[in-house]
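In: Sequence and predicted structure are below.
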Amino acid sequence: MNDKVQAALNTQINMELGAFYTYLSMAAYFEADGLKGFSAWMRHHAEEEMMHAMKLYDFIHARRGRVTLKALGDPKTVWENPVAAFEDALKHEQKVTAAINALVDLAREERDHATHSFLQWFVDEQVEEEEIVDDAIQKLRRIGDFGPGLYLLDREMAASAASSEGQAESEAGEG
């Protein structure tokens, strides 16, 4: 792996760790507001971001590269409402998508076929990530300030997080 690709992958690790930190902060925000389902959903997504960072970490080492971690900034801790938190999450996912796309372009330019192949999983994952967050935003906008609707969506988010956790554990056991 050349130095240019390695540096870009290291930058992406730090971006994924920043995403972990952001989602964890959102989980704390929702927990403090008594929206435990939203909190569980955000915490699950924080764990996914950590897994993404570790996939990159392991890939660099598999290619005999060197991982370089940098300090993370303080994440935002308060949002005006749940919609604002999810809108920030979507903006962050879009930023990650742009970074992944730039990495794919770099891998092509550098003719690094292994990295290009490896990154295809991330390309597909980002489509899913943006869709899931956008779906939550659309539901929250429909609900507005309707308390019972927020209560039901909070329950749905808890079930979604639990279902995703169970699926991840099942897949881990198959490997």
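Out: Happy to help now that I have it. All figures in this text were calculated on a predicted structure; none of them were measured in a lab.

In: what ranges do the helices span in the chain?
Out: Applying DSSP state H to the chain gives helices spanning 3-32, 36-62, 82-109, 113-143, 147-174.

In: nearest residue to residue 40 other than its sequence neighbours?
Out: Leaving aside its sequence neighbours, residue 40 sits nearest to residue 161 (CB to CB, 6 or more residues apart in numbering; 4.0 Å). Using the backbone N, CA and C atoms, a C-beta is placed for each residue, glycine as well.

In: Surely that neighbour and residue 41 touch.
Out: Yes. Shown here, residue 161 and residue 41 form a contact pair, counting by CB atoms under 8 Å, at 4.5 Å.

In: who's more crowded, these two?
Out: Per other CB atoms under 10 Å, whichever of residue 161 and residue 41 has more neighbours is residue 41, with 28 against 22.

In: OK, contacts around that one?
Out: 136, 157, 158, 160, 161 (CB atoms under 8 Å, 6 or more residues apart in numbering).

In: What of residue 3?
Out: No contacts exist for residue 3 under CB under 8 Å, 6+ apart.

In: just residue 1 next, same as before
Out: Counting by CB under 8 Å, 6+ apart, residue 1 has contacts 9, 60, 63, 64, 65, 112, 114, 115.

In: thinking again about what came up before, tell me which two in the contacts of residue 41 are the farthest apart.
Out: Based on CB to CB, the longest span within the contacts of residue 41 runs between 136 and 158 and measures 12.8 Å.

In: Please say which of these two ends up with more neighbours.
Out: residue 136 (22 against 18).

In: Setting aside sequence neighbours, what's the nearest residue to that one?
Out: Computed as CB to CB, 6+ apart, the closest residue to residue 136 that is not its neighbour in sequence is residue 86, at 5.1 Å.

In: tell me the contacts of that neighbour?
Out: Contacts for residue 86 (CB under 8 Å, 6+ apart) come out as 133, 136, 137, 140.

In: do you know how far it is from residue 150?
Out: To residue 150, residue 86 is 12 Å away according to CB to CB, to the nearest Å.
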